[in-house]
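Visitor: sequence and predicted structure, then a few things I'm wondering about:
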Amino acid sequence: MQREIEIAELRRLTQYIDDQFDYDFKNYAMSSFTRRVRRVVELYKFTSVDALIKRFKEKPEFFQEFVSEITVNVTEMFRDPTFWIALRDEIIPEILTEHKKISIWHAGCSSGEEVISMCILLSEAEALDSAVIVATDIDKSIINRAKKAAISAKNMELNQSNYERYGGKGSLLDYFIEKDGFFYVKPELLDKVSFRIQDLVKGNPFSKFDLILCRNVMIYFNQSLQNEVLNKLHNSLFKYGNLAIGSKESLIWCDIANKFVVVNNEEKIYKKIKE
Amino acid sequence: MFFNVDKSVFEKTYKGIVIGGSAGSFKPITQLLADLPKDFPIPIFLCLHRLKHVRHGFIEALSIRSSKQIIEPQDKESIRQGMVYLAPANYHMCIELGNSISLSTEGLVNNSRPAIDLTFQTAAYTFKDKMIGILYSGANKDGALGMKAIKDKGGFTIIQDPEESMMNTMPMAAKSVTEIDLSLEAEKIKNFLLRLYKAQQK
């Protein structure tokens, strides 16, 4: 498809998806969402966005494939090593001195690299046994991939260099078993993690946490949706619980910014101070 | 200063200037920023290839000799007059309808994040013909399709003279896919913008 995707076409698409599948993409950030739709249209050689809608009508199961393609699933272990250092040296010790247990939610966990990083951090701090971890994503197939915890060998170099910058205790490879071009996480490392399908946009708060990581997820939403989702994250935190967002995201523009204080401005870690 | 373009180019209203560069572009771009007046009104969006894990130092290096306010935007930051926005390490920087900047962690484009093509293409979509794209030295083809998008929307395109560019792959690639309005030495790109500044003040 050579021509540009028009806003009217996108509206027809998001309306159809909302009506038929109960997923709401209407408030995704326009430029990245348009790019993702274009990608699907080109990948499957549809002639137009309407042809894509027609496919949904003929074959509703195609929708799950669409969700996998539309969501951004690019992630790495220990992304922003200084963030992980702040978690290890400041945030997590503080939580553990006040509570015996630590509950953590990875909201929008994608293929699970961040969850693995967290488990390694906790394991090296001998705190893994005190942890309850929930990892969620909108995309069923990516959750299955996260559960499988098989990292492609070509990504390991970057993961290792991040881990070294983070100053991990051992070698990253200690946590993996290599087989057929993949590095499988040793199963006991992820014992404390429950993976679930959950849509941040339509889903409601389901538990309370000491720490929520939602990094580089809300950047795919427009500002009004960011507001809504932030309210849900706020409701999912215990008072004095911590929220970590991406290094270039900000709470400043959100309605409930005053219910948080900055704990670490550089690493974008906030603490809930008001219900 | 004589530029082989219609006078109307300088008198038009612009919403943004996008600048891309890679290997060999740091020096001419710091020079440009050093010589641009503090109150140069048109927002500038810089997308330069940079090391993904080095989050600090780049702004500082660009700012040393410049009076311009240079920042790495936050996601959804509103675009303001007179600002210079630098694409942050390991994020794509896009221009959104509604006068704001969005960031994205989508996969590498042209082996790059930030990718010049994405900044340029989204700017072209949003600013239409009210923009200028400038592509400096670089060793890959990122930015070429972005320059084409700008030209297709009626924007103005400038490349650093391939003869002068330390690495000419990037400006040459742009030239091979679209019409380039001006091919200029770095010093003249600066003069072009200074003349634009004077014209815009009238």
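Guide: That came through fine. Owing to the predicted nature of the structure, the values given are computational and were not obtained by experimental measurement.
Visitor: Provide a list of residues in contact with the residue lying closest to residue B:36 once chain neighbours are set aside.
Guide: Leaving out its chain neighbours, the residue that sits closest to residue B:36 by CB to CB, 6 or more residues apart in numbering or on different chains is residue B:68, at 5.9 Å. Backbone N, C-alpha and C define where each C-beta goes, glycine included. Each residue near residue B:68 by CB atoms under 8 Å, 6 or more residues apart in numbering or on different chains is listed here: B:33, B:36, B:38, B:40, B:44, B:82, B:83, B:84.
Visitor: how about the helices in the stretch 151-275 of chain A?
Guide: Using DSSP state H, counting those that start in this stretch, the helices of the stretch 151-275 of chain A run over A:153-166, A:223-235.
Visitor: pull out the buried residues from the longest one.
Guide: Neighbour-count burial for helix A:153-166, with 16 or more other CB atoms under 10 Å in any protein chain shown as criterion, is recorded at A:155, A:156, A:159, A:160, A:162, A:163, A:166.
Visitor: that older thread, redo the helices of the stretch 151-275 of chain A as JSON lines? Include mean pLDDT.
Guide: Output for the helices of the stretch 151-275 of chain A, formatted as JSON lines (pLDDT from 0 to 100):
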{"stretch": "helix A:153-166", "mean pLDDT": "95"}
{"stretch": "helix A:223-235", "mean pLDDT": "95"}
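Visitor: redo those helices as TSV? Include distance to chain B.
Guide: Listed next are the helices of the stretch 151-275 of chain A as TSV, based on distance: least, CB to the nearest CB, whole Å:
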stretch	distance to chain B
helix A:153-166	7
helix A:223-235	5
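Visitor: what parts of chain B come near chain A?
Guide: B:53, B:55, B:72-77, B:88, B:90-91, B:94-97, B:102-107, B:122, B:125 (CB under 8 Å from any CB of the partner chain).
Visitor: which SS class is the residue most central in space within chain B?
Guide: Taking CA atoms, centre = their mean, the centroid of chain B lies closest to residue B:19, which sits 1.1 Å from it. Taken by DSSP: H, G, I helix; E, B strand; the rest coil, the conformation at residue B:19 corresponds to strand.
Visitor: give me the distance between it and residue A:89.
Guide: Distance, residue B:19 to residue A:89, using CB to CB, to the nearest Å: 38 Å.
Visitor: related to what we said a few turns ago, the residue nearest to the centre of chain B contacts residue B:36, doesn't it?
Guide: No - the pair formed by residue B:19 and residue B:36 falls short of the contact definition of CB atoms under 8 Å, at 11.0 Å.
Visitor: you'd agree residue A:227 is up against residue A:255?
Guide: Yes - here residue A:227 reaches residue A:255: they are 5.4 Å apart, a contact under CB under 8 Å.
Visitor: rewinding a little: filter the residues of chain B next to chain A down to the buried ones, PyMOL style.
Guide: For the buried members of the residues of chain B next to chain A, the matching PyMOL selection, counting by 16+ other CB under 10 Å, is:
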select buried, chain B and resi 55+72+73+74+75+76+77+88+90+91+94+95+96+102+103+104+105+106+122+125
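Visitor: narrow the residues of chain B next to chain A to those in helices?
Guide: Cross-referencing the residues of chain B next to chain A against helices under DSSP state H gives B:122, B:125.
Visitor: what's around the nearest residue to residue A:152 once chain neighbours are set aside, how many residues?
Guide: Once flanking residues are discounted, residue A:152 sits nearest to residue A:182: 6.1 Å by CB to CB, 6+ apart. The local packing of residue A:182 (other CB atoms under 10 Å in any protein chain shown) involves 16 other residues.
Visitor: residue A:182 reaches residue A:149, doesn't it?
Guide: No - the pair residue A:182 / residue A:149 is not scored as a contact, 9.6 Å apart, by CB under 8 Å.
Visitor: got any ranges where chain A has weak pLDDT?
Guide: Residues of chain A meeting the criterion pLDDT under 70: A:1-2.
Visitor: got a list of what the most centrally placed residue in it touches?
Guide: Nearest to the geometric centre of chain A sits residue A:108, at 2.4 Å (CA atoms, centre = their mean). When contacts are counted by CB under 8 Å, 6+ apart, residue A:108 touches A:136, A:137, A:138, A:200, A:214, A:217.
Visitor: can you pull up the bridge partners for the second one?
Guide: So the one you mean is residue A:137. Following DSSP bridges, residue A:137 is listed with bridge partners residue A:197.
Visitor: quick one, what contacts it?
Guide: Contacts for residue A:137 (CB under 8 Å, 6+ apart) come out as A:71, A:108, A:109, A:110, A:143, A:146, A:197, A:198.
Visitor: residue B:167: which of those residues is nearest?
Guide: Nearest to residue B:167, judged by CB to CB, of the contacts of residue A:137 is residue A:110 at 34.9 Å.
Visitor: tell me the secondary structure at the closest one.
Guide: Residue A:110 - assigned by three-state DSSP - is coil.
Visitor: in JSON lines: the helices of the stretch 151-275 of chain A, plus distance to residue A:23.
Guide: Shown next, in JSON lines, are those (distance: least, CB to CB, whole Å):
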{"stretch": "helix A:153-166", "distance to residue A:23": "28"}
{"stretch": "helix A:223-235", "distance to residue A:23": "13"}
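Visitor: looking at the ones you listed, which is nearest to residue A:60?
Guide: The closest of the helices of the stretch 151-275 of chain A to residue A:60 is helix A:223-235. By CB to CB, the value is 24.9 Å.
Visitor: run through who's touching the closest one.
Guide: In contact with helix A:223-235 (CB under 8 Å, 6+ apart) are residues A:27-28, A:107, A:200-201, A:203-205, A:212, A:214, A:218, A:221, A:243, A:251, A:253-256, A:259-260, A:272, B:76.
Visitor: and these, which are buried?
Guide: A:27-28, A:107, A:200-201, A:212, A:214, A:218, A:221, A:243, A:251, A:253-254, A:259-260, A:272, B:76.
Visitor: residue B:180 against residue B:157, yeah?
Guide: Yes - using CB under 8 Å, residue B:180 is in contact with residue B:157, at 5.0 Å.
Visitor: looking at these two, which is more packed in?
Guide: Per other CB under 10 Å, whichever of residue B:180 and residue B:157 has more neighbours is residue B:157, with 23 against 19.
Visitor: ok, the strand or helix carrying that one: who's next to it in the sheet?
Guide: For residue B:157, the host element (DSSP states H and E) is strand B:156-160. Looking at strand B:156-160 with DSSP bridges, its partner strands are strand B:131-135 (parallel), strand B:182-184 (parallel).
Visitor: so which of the contacts of residue B:68 are in strands?
Guide: Residues of the contacts of residue B:68 located in strands (DSSP state E): B:44, B:83, B:84.
Visitor: kindly write the PyMOL command that selects the buried subset of those residues.
Guide: A single PyMOL command selects the buried members of the ones in strands among the contacts of residue B:68 (16+ other CB under 10 Å):
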select buried, chain B and resi 44+83+84
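Visitor: list the contacts of the helix or strand bottoming out on mean pLDDT in chain B.
Guide: Within chain B, no helix or strand scores below helix B:58-63, which has a mean of 91 by mean pLDDT, DSSP states H and E. Contacts of helix B:58-63 from elsewhere in the structure, counted by CB under 8 Å, 6+ apart, are B:26, B:29-30, B:33, B:46, B:48, B:50, B:70-72, B:84, B:86, B:89.
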